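1. Structure here, sequence nowhere to be found:
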């Protein structure tokens, strides 16, 4: 695949993986992206997961033939991008590795690679000339590891963005939902906690003329990049991306589910164009987290369990708060047969979140939904759609 006349894609697709980072379901597989820049000197940008070393090296050789590689640029040390380094060093023993100081420390810890004669440490603003192509390095700490650097090719206006702008899914499978859905789940699952750091990166990127974004996961982005940059600004600033209301619930015997469904119907009747109803027990947790960050209002409905919040609901809320959930409106529905306390418990879990507005009409149900409960849900629906 040609990125430009001099830049080629040499990545691989993984269809063997079921869980990315041991937790994210990836039914469409994963892409581990790598790139080679051909010039007077040759630079390879990042490696791939070690199970694909031979395929990756084969892809590289198809492009460069018998030429030697001068530089291996390591932008990010997570093993899905770095664990072929040893295999690469065996194939190209004269190569110099270009990376950040922190990355070299990690390289020694992960793989025992510590030969300083092979290392070129770079920092913010440093550059590397390959001939016609000059590479400028951008520090991107905590997007989403502390050692991350990104690389900007001044000649072809290409930003090699490490994990930023990545998505779940292999590149040889068409994603029926397009780029945004799995990019959003990827962002909030993996990068979401580090909104401030992403905002800092976007400020740096705004000073560059970028024609192409080459991430370490997902497709190469080109053409009009404003959409991708805009959604990243929204995501990283915790802004509301889409108009709508999320109703997320857990239910033991179906009564809380009935209340959540009744509220969803009332919201629609009151003119809400998009209601996302989520059964947290049965739906993918990270898909649910994605929806919670996408929309500006959310209702949480759950049972009181051991005088606390039902475990799956608590887990869901903890996933939100550890990712910096903020700038949203929340409402609660609690159910209890003798001492309902779930609403108080849910609210306490959000106590350290910024700019949270709470609805006035929270709802308590005693065991099953009855007429008085329906009236309360109708009032809540009116408040949320006013």
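-> Nice, I can see it. Everything numeric in this text was worked out from a predicted model, so none of it was measured.
2. okay, CA-based contacts and neighbour counts for the rest of this
-> Fine.
3. Show me what the helix or strand where residue 97 lies is packed against.
-> If you go by DSSP states H and E, residue 97 is part of strand 96-99. In terms of contacts (3 or more C-alpha pairs under 8 Å, 6 or more residues apart in numbering; DSSP states H and E), strand 96-99 is packed against strand 71-73, strand 119-121.
4. Out of these, which is closest to residue 373?
-> Each of the helices and strands packed on strand 96-99 has some distance to residue 373 by C-alpha to C-alpha; the shortest is strand 71-73, at 60.9 Å.
5. The following helix or strand past that closest one packs against which elements?
-> Next in sequence after strand 71-73, counting helices and strands by DSSP H and E, comes helix 79-82. Helix 79-82 is packed against no helix or strand, with contacts defined by 3+ C-alpha pairs under 8 Å, 6+ apart.
6. Could you check how far whichever helix or strand comes after helix 79-82 is from the centre of its chain?
-> Later in the chain than helix 79-82, the nearest helix or strand by DSSP H and E is helix 85-91. How far helix 85-91 lies from its chain's middle: 29 Å, per C-alpha atoms, centre = their mean, to the nearest Å.
7. which helices and strands does helix 85-91 pack with?
-> Helix 85-91 is packed against helix 53-64, with contacts defined by 3+ C-alpha pairs under 8 Å, 6+ apart.
8. circling back: so which of the helices and strands packed on strand 96-99 is the most surrounded?
-> Sort the helices and strands packed on strand 96-99 by mean neighbour count, taking mean count of other C-alpha atoms under 10 Å, and strand 71-73 sits at the top with a mean of 23.
9. okay if I get the helices and strands packed on strand 96-99 as a markdown table plus mean pLDDT?
-> Listed next are the helices and strands packed on strand 96-99 as a markdown table, based on pLDDT from 0 to 100:
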| stretch | mean pLDDT |
| --- | --- |
| strand 71-73 | 98 |
| strand 119-121 | 98 |
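10. of all those strands, which lies closest to residue 201?
-> That would be strand 71-73 among these, by C-alpha to C-alpha, at 19.1 Å.
11. partners of the closest one, with directions?
-> strand 43-45 (parallel), strand 96-99 (parallel) (DSSP bridges).
12. Check the ones you listed for me and report the most buried one.
-> Per residue and on average, the most neighbours among the strands paired with strand 71-73 fall to strand 43-45, with a mean of 25 (mean count of other C-alpha under 10 Å).
13. chain center to that one: distance?
-> Distance of strand 43-45 from the chain centroid (C-alpha atoms, centre = their mean) equals 24 Å.
14. now do stretch 126-136
-> Counting by C-alpha atoms, centre = their mean, stretch 126-136 is centred 30 Å from the centre of its parent chain.
15. Can you tell me which helices and strands the longest strand seen in the chain packs against?
-> In the chain, taking DSSP state E as the definition, the longest strand is strand 295-305. Strand 295-305 is packed against strand 242-249, helix 255-269, strand 328-335, helix 342-349, with contacts defined by 3+ C-alpha pairs under 8 Å, 6+ apart.
16. can you give me the angle the third one makes with strand 295-305?
-> Read that as strand 328-335. Put simply, strand 328-335 runs at 20 degrees to strand 295-305, going by axes from the mean of the first three to the mean of the last three C-alpha atoms, to 10 degrees.
17. In the sheet, which strands lie alongside strand 328-335, parallel or antiparallel?
-> strand 295-305 (parallel), strand 356-358 (parallel), strand 363-365 (parallel).
18. From residue 293, how far out is residue 242?
-> In this view, residue 242 and residue 293 are 9 Å apart by C-alpha to C-alpha, to the nearest Å.
19. Between those two, tell me which one has more neighbours.
-> A direct count of neighbours by other C-alpha atoms under 10 Å for residue 242 and residue 293 places residue 293 higher, at 28 against 12.
20. Wait, the more buried one touches residue 238, no?
-> Yes. Residue 293 lies in contact with residue 238 (C-alpha atoms under 8 Å); the separation is 7.3 Å.
21. what is in contact with these two at once?
-> residue 325 (C-alpha atoms under 8 Å, 6 or more residues apart in numbering).
22. next one: the helix or strand encompassing residue 159 to chain centre, how far?
-> Under the criterion of DSSP H and E, residue 159 resides in strand 158-160. The chain centroid and the centroid of strand 158-160 are separated by 19 Å under C-alpha atoms, centre = their mean.
23. what mean pLDDT does that strand have?
-> Across strand 158-160, the average pLDDT comes to 98.
24. Summarise which helices and strands it is packed against.
-> On a contact count with 3+ C-alpha pairs under 8 Å, 6+ apart, strand 158-160 meets strand 149-153, strand 212-214.
25. Can you get me the start-to-end distance on stretch 152-167?
-> One end of stretch 152-167 sits 20 Å from the other (C-alpha to C-alpha).
26. Run through who's touching that stretch.
-> Here stretch 152-167 makes contact (C-alpha under 8 Å, 6+ apart) with 4, 45, 75-76, 132-138, 143-144, 148-151, 179, 182-187, 209-219, 228, 232.
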